[in-house]
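Engineer: Next input, structure requested:
(chains A and B)
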There are 2 protein chains.
Amino acid sequence: MYVKVEAFFPENIKIALKNEPPGAWMPVLPEGCIRLSSGYPDASLVPTMEIKAAVARLLDEEQDLPLHYLGSPRMDKLKALIQNRMQERSMPVAAEELMITAGACQAIDLIARIFLDEQAVVVVEAPTYMEALEIFQNYTKQVISVPIDEEGLQTDRLEAILQERKNAGLPLPRLLYTIPTFHNPTGTTLSLERRKHLIALSVEYDFVILEDDAYGELAFDQNHLSLKAIDKDGHVLYVGSLSKVVAPGMRVGWIAGASEFISALNWFKKDLDHPFAQSTMAAYLETINLDERLIQLKEVYRHKCKTLIGALEKHLPENVSWYIPKGGYFVWVRIPGVDTATLLTQALAEGVSFIPGKFFYQDDQNGTEYLRLSYSFATENDIVDGVKKLGKII
Amino acid sequence: MYVKVEAFFPENIKIALKNEPPGAWMPVLPEGCIRLSSGYPDASLVPTMEIKAAVARLLDEEQDLPLHYLGSPRMDKLKALIQNRMQERSMPVAAEELMITAGACQAIDLIARIFLDEQAVVVVEAPTYMEALEIFQNYTKQVISVPIDEEGLQTDRLEAILQERKNAGLPLPRLLYTIPTFHNPTGTTLSLERRKHLIALSVEYDFVILEDDAYGELAFDQNHLSLKAIDKDGHVLYVGSLSKVVAPGMRVGWIAGASEFISALNWFKKDLDHPFAQSTMAAYLETINLDERLIQLKEVYRHKCKTLIGALEKHLPENVSWYIPKGGYFVWVRIPGVDTATLLTQALAEGVSFIPGKFFYQDDQNGTEYLRLSYSFATENDIVDGVKKLGKII
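Structural biologist: Okay, the predicted model is just below:
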């Protein structure tokens, strides 16, 4: 057997393999652990029986069609349903401006694939979604991190960096990755002013914005205009997902953007689509009122978020701080003077999990005082108990 | 809107985008067309109602678990079921030597991703599976085609090419792609002697064999020992698939090989797996006797193959020739002096489809007298009618 398999790999792959292994951020959970680490939907909101019914109806009506490579009319229907939804959210797209993907992660990887190589510069938020960071670092070491505050990405800092690089003759970014609405991990939302500023910068410096909107439908009060809805120049590649709104195990997401980009992405999407999963999703969606479902989801998550914040106020020391999210799944907590990676070991022993902040930064020397809590999956009781346990060990 | 989106892309992507668009080989079928082009399973063999029942049982038993990112015990069970099957087929693999993929295509793309860049040389059979060719050409222009005869890949020709390249100081291949058993598109099977020769060459010249075994379970009479079963040095990455044995729309395949390779592949598989599809597949497989199912499949395909060959003998001119397959889905037909791309236009007008031979070659000046017929999807009556139509227009 080979010992040094690397001999077979191209240089860029060898470099990528020196990164942390994928999923290093994922804690190994002891049995019965309260999962404040998991960005999973609430179990009671996963439409298990509706999906069972959707499969039964789909296969009764279409027989073997959804089980072949192509042929289920519901694969086109899924596209049409997503186009309708995009239209309702002020993002009308033609069929050739839309590609269905296996969730947001495949979408991000595909976009990275066509934009990034070792020469390419990519901008991310600091902190940012750890899976996206893993993906980008597979392609390039030239990752620029721009900090976030309570209004999201600091676009003035971004502008200063772009200006400096331009003046210094350094390569400018091709791609900027952002989660402007109910950000993972911080829960923050980019202000409208900054949204406009970011779009203006994308035009001035000619980079593409990868807008990850996985949480955008989960607003506790007001909805936010996406970057894609504001953009008039085709500088935004929008990534949507049904993982947080329906169920992640279905693996249905999409990319919406200029047809030239969608066409190029199509060269590299080599999983031959997912007829069974996609047509099941269409069969499910056609039976429900998504707006009504979203009202229910938002109500549950709003309440769970309030419960978590209340527990943090009650059970954690005075010097601990957080942003109050206006939607989504996460609360970003700062515990001054505490190394949250060390804290995690103790927390797991006590039976509660979270994700240490360092995993959301390119340089894991950052974010050591932070942690991400998710209120989406754990029950209300577990949220309170989990925070109590955290309070005890801090 | 952008006109020249290419400005954003790395050089390797720009080069790939100059290839033919993906799926250019796929004919646009008029309504009611007899599909001798489609490598789909027979509709009557797709276990539609069994999969419906499997989903119902899965969701009744596991509730929301298969609809999250992780958590369904049946995802591990699918791996165990595939490990059992591999063992039965003389290819025992440990869990860390196995990766579930979204079908064989994602598997091939992932392997290409870690082995190939513009500097890399890859060997393919001529002709070969058009989707694999599309994939490799996304990574490198250095594709060496080695011809096939009735005993499969001509390993003596391969050896001569390797020897020549070595003598000339040219780069040697890192990867060789082969479908040794019931080859797509030719239906041929690599002889045992050549299998051993190929393995010996992989050791001598230190390349990895990507063995695509999508059709290996569909032997009309005797089974064949896979390259992976013969290999003792970890030079084979085996790709299996349930597309031809269960249903392609489920998108379940796998890669088996040295754990070091599987670990490296894991860095780049960014679709976060497919919990619903994979656990449904496990729930289906656990209720059936796969050996019994295979007996039924082989019987149907053996008969349909015989029907096609009989029709070819009866309805096509004397000078037309083909290999007689011993399993799988395809017959490779040579029509001397006829350009099968032109023939296809007429055939579609008559209501029958096939895939012109040129799409299975790196250089589409080759294979122009050949075409691929599939007996898997069309009914027996349609197979005969389709061949009659072909006979009429040739």
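
Engineer: who's in contact with residue A:136?
Structural biologist: For residue A:136, the contact set (C-beta atoms under 8 Å, 6 or more residues apart in numbering or on different chains) comprises A:112, A:116, A:122, A:124, A:143, A:177. To be clear about C-beta, it is placed using only N, CA and C from the backbone, and glycine gets the same treatment.

Engineer: do residue A:270 as well
Structural biologist: B:105, B:106, B:108, B:109, B:131, B:134, B:135.

Engineer: Check residue A:26 too.
Structural biologist: Taking C-beta under 8 Å, 6+ apart, one finds residue A:37 in contact with residue A:26.

Engineer: separation between it and residue A:365?
Structural biologist: Distance from residue A:26 to residue A:365, counting by C-beta to C-beta, to the nearest Å: 21 Å.

Engineer: helix/strand/coil for residue A:124?
Structural biologist: Look at residue A:124: counting by DSSP: H, G, I helix; E, B strand; the rest coil, its state is strand.

Engineer: what's the pLDDT at the residue nearest to it when sequence neighbours are not counted?
Structural biologist: Excluding its sequence neighbours, the residue lying closest to residue A:124 (C-beta to C-beta, 6 or more residues apart in numbering or on different chains) is residue A:177, at 5.0 Å. Residue A:177 carries a pLDDT value of 98.

Engineer: Show me what the strand or helix carrying residue A:177 is packed against.
Structural biologist: In this structure, residue A:177 is located in strand A:175-178 according to DSSP states H and E. If contacts are counted by 3 or more C-beta pairs under 8 Å, 6 or more residues apart in numbering or on different chains; DSSP states H and E, strand A:175-178 sits against helix A:103-115, strand A:122-126, helix A:192-204, strand A:208-212.

Engineer: Which strands border the second one, and is each parallel or antiparallel?
Structural biologist: Meaning strand A:122-126. Sheet pairing for strand A:122-126, assigned by DSSP bridges, gives strand A:143-149 (parallel), strand A:175-178 (parallel).

Engineer: Just the CA trace of the next helix or strand after that strand, in CSV.
Structural biologist: Downstream of strand A:122-126, the first helix or strand assigned by DSSP H and E is helix A:130-137. Once non-C-alpha atoms are left out, helix A:130-137 reads as follows in CSV (Å, rounded to 0.1, in the frame of the first residue of the first chain):
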residue,chain,number,x,y,z
MET,A,130,-16.6,27.6,8.5
GLU,A,131,-17.6,25.3,5.6
ALA,A,132,-17.2,28.1,3.2
LEU,A,133,-13.8,28.9,4.6
GLU,A,134,-12.8,25.3,4.2
ILE,A,135,-13.9,25.4,0.6
PHE,A,136,-12.1,28.6,-0.3
GLN,A,137,-8.9,27.4,1.3
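
Engineer: Need the mean per-residue confidence for helix A:130-137.
Structural biologist: Helix A:130-137 carries an average pLDDT of 97.

Engineer: Between helix A:103-115 and that helix, find me the angle.
Structural biologist: Per axes from the mean of the first three to the mean of the last three C-alpha atoms, to 10 degrees, the angle that helix A:130-137 makes with helix A:103-115 is 20 degrees.

Engineer: coming back round to it: looking at the contacts of residue A:136, which one is closest to chain B?
Structural biologist: For the contacts of residue A:136, the closest approach to chain B (C-beta to the nearest C-beta) belongs to residue A:116, at 6.9 Å.

Engineer: Quick check, pLDDT for that closest one.
Structural biologist: We have a pLDDT of 98 for residue A:116.

Engineer: Ok, residue A:3 next?
Structural biologist: 46.

Engineer: again, but for the one 10 residues further on
Structural biologist: Listed pLDDT for residue A:13 reads 96.

Engineer: gap between it and chain B?
Structural biologist: 5 Å (C-beta to the nearest C-beta, to the nearest Å).

Engineer: rewinding a little: convert the C-alpha atoms of the strand holding residue A:177 to PDB, please.
Structural biologist: Output in PDB follows, covering the C-alpha atoms of strand A:175-178 (Å, rounded to 0.1, in the frame of the first residue of the first chain):
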ATOM      1  CA  LEU A 175     -14.900  37.100  -5.400                       C
ATOM      2  CA  LEU A 176     -16.300  38.300  -2.100                       C
ATOM      3  CA  TYR A 177     -18.300  35.900   0.100                       C
ATOM      4  CA  THR A 178     -20.900  37.300   2.400                       C
END
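
Engineer: Run the chain-centre distance for it.
Structural biologist: Here strand A:175-178 is found 12 Å from its chain centre; the criterion is C-alpha atoms, centre = their mean, to the nearest Å.
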